[in-house]
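Visitor: Just a sequence and a predicted model for now, questions to come.
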Amino acid sequence: MENISALLGLFGMFAVIAGAIMLTVKSLAARKPLGKKLAIGGAVAFVTGSVIMPDQPKANAKVEPAPIVTPSATPSAEAIVAPDKASPEGERAFLALYRDVLARAAPCDKAVTQLGKTAQGGDPYATYQVAKNGNASCQTAADAMYAMEVPDGLPEAANEELDKALKACRFAYAQRASGLAKAMEIADGNGRPSTLSEMTEMLKDGQTGTLMCVAGFFATASKSGIASKRLA
């Protein structure tokens, strides 16, 4: 009975931790102005060109007529892209990447929230199963994000921002997977304080990583001339 009481006590501690993480996730979802703040103040680049005056023709020199420029030789508006703005193809690829990240992350995020609720019930079997399923979902998300790449058609500054964002996403979901693996150990009877501490740190790192992941996508949009509302 003493062992069971101790284990349930650990579940109580775990429920508090998971509950705190769940509140953090909810607070992030409610913080809609984040995108606007990150989008305001994006860098504006100006393109300057040098104007070269043609040499004056010499007296009695034969002046060649200027070549006729046909419409086909004139670049289209779509081909002219400012260096601080994504091309139409780049914008579409960026938005598709963002939606893919959200879709891959959703099952993992749901599992982390569900784990806190299940642990509060004090049933180690149910807690173990939720942690196991969540571990698989988070690892799948992390693996998918490791395969993602920065698309073509974005400004150089945006490329660097998005590369950092993807690294944060990968780290976040790999840490969540590791944290849920530790939760499985705790539910399976490993109630050592070191295991509880490791789980807590991993899930905290995962939560921090998700914030950096989302913020990085908003920063990329700002540096690409993409309205933050497109990420809503």
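Guide: Cool, the structure landed.
Visitor: downstream neighbour of the helix or strand hosting residue 166 in the secondary structure list?
Guide: When elements are assigned from DSSP states H and E, residue 166 belongs to helix 156-187. Proceeding N to C from helix 156-187, the next assigned helix or strand is helix 193-222, under DSSP H and E.
Visitor: what angle do that following helix and helix 156-187 make?
Guide: 160 degrees (axes from the mean of the first three to the mean of the last three CA atoms, to 10 degrees).
Visitor: for helix 193-222, what is the average pLDDT?
Guide: Mean per-residue pLDDT for helix 193-222: 96.
Visitor: so what does that helix touch, helix or strand wise?
Guide: helix 2-30, helix 33-39, helix 88-120, helix 156-187 (3 or more CB pairs under 8 Å, 6 or more residues apart in numbering; DSSP states H and E). (Each C-beta comes from the backbone N, C-alpha and C, glycine too.)
Visitor: Now the following helix or strand past the third one: buried residues?
Guide: In other words, helix 88-120. Going down the chain from helix 88-120, the next helix or strand is helix 124-146, by DSSP H and E. Using 16 or more other CB atoms under 10 Å as the test for burial, helix 124-146 gives 124, 127-128, 130-139, 141-142, 144-145.
Visitor: I'd say residue 157 and residue 223 touch.
Guide: Yes - with contacts counted by CB atoms under 8 Å, residue 157 reaches residue 223, the gap being 4.8 Å.
Visitor: Comparing the two, which shows the higher neighbour count?
Guide: Each of residue 157 and residue 223 has its neighbours counted (other CB atoms under 10 Å); residue 223 has more, 24 against 18.
Visitor: for the closest residue to the more buried one other than its chain neighbours, what are its contacts?
Guide: Residue nearest to residue 223 in three dimensions, not counting chain neighbours: residue 158, with 4.2 Å by CB to CB, 6 or more residues apart in numbering. Residue 158 is in contact with 86, 220, 223, 224, counting by CB atoms under 8 Å, 6 or more residues apart in numbering.
Visitor: so what's the second one up against?
Guide: Residue 220 sits next to 94, 154, 158, 161, 162, 165, 226 when contact means CB under 8 Å, 6+ apart.
Visitor: And the residues you listed, which is closest to residue 111?
Guide: Taking CB to CB as the measure, residue 111 lies nearest residue 165 of the contacts of residue 220, at 22.4 Å.
Visitor: give me every residue that touches the closest one.
Guide: 212, 213, 215, 216, 217, 219, 220.
Visitor: quick revisit: name the residues of the helix holding residue 166 that come out as buried.
Guide: 157-159, 161-162, 164-187.
Visitor: Now tell me which helix or strand of the protein has the poorest mean pLDDT.
Guide: helix 33-39 (a mean of 33; mean pLDDT, DSSP states H and E).
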